[in-house]
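Trainee: predicted structure and sequence below. I'll ask about it afterward.
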Amino acid sequence: MKIGIAADHGGYELKEIIHPFLESLGYEVTDYGAFELDNTDDYPDFVVPMGRALADKELDRAIAICGSGVGASVAANKIAGVRAALINDHFSAHQGVEDDDLNMLCLGGRVTGYMAAQELITAFLTARFTGAERHMRRLHKVHLLEK
């Protein structure tokens, strides 16, 4: 599975911890930055290119991190084909994929501890979309919004 990761200064430290974690699990990881801590950088500069790669099927899933996770999710959801959510609990990490075909997990680098992040990421990456009729019907309505 190809995984993208991206973070601004608010998520930089957590990204640097989860990158080797993902590789240790056998995932192919593409890092979209930031590549150094710069308190003046902006999350769209990293999240948007990653989101475009996700929408273009260059990635299977993606993880975006900013200070709270909110800005990253707002920016990512402007890209057609990206279904991003700020996740803070285990249930939503897998249920978002199973029911809503979530393809980008957003985390808050200033509010999510690294052990919790690892658990949320594992739940997100191991979950599979069920494809149930009711979920397909709902996703179709979402896709219509993107046109």
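Mentor: That came through fine.

Trainee: in stretch 86-95, what counts as buried?
Mentor: Across stretch 86-95, burial judged by 16 or more other Cβ atoms under 10 Å covers 86-87, 92-94. Where C-beta positions appear, they are placed from N, C-alpha and C, glycine not excepted.

Trainee: residues making contact with it?
Mentor: 68-70, 72-73, 85, 96, 105-108, 111-112, 119-121, 123-124, 126-127 (Cβ atoms under 8 Å, 6 or more residues apart in numbering).

Trainee: same thing but 7 Å
Mentor: 69-70, 73, 96, 105-107, 119-120, 123-124, 127 (Cβ atoms under 7 Å, 6 or more residues apart in numbering).

Trainee: same list (these) but as a markdown table, adding secondary structure and neighbour count.
Mentor: Below are those laid out as a markdown table (DSSP: H, G, I helix; E, B strand; the rest coil; neighbours: other Cβ atoms under 10 Å):
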| residue | secondary structure | neighbour count |
| --- | --- | --- |
| G69 | coil | 26 |
| V70 | helix | 13 |
| S73 | helix | 23 |
| G96 | helix | 22 |
| L105 | strand | 30 |
| C106 | strand | 29 |
| L107 | strand | 29 |
| E119 | helix | 14 |
| L120 | helix | 22 |
| A123 | helix | 20 |
| F124 | helix | 24 |
| A127 | coil | 17 |
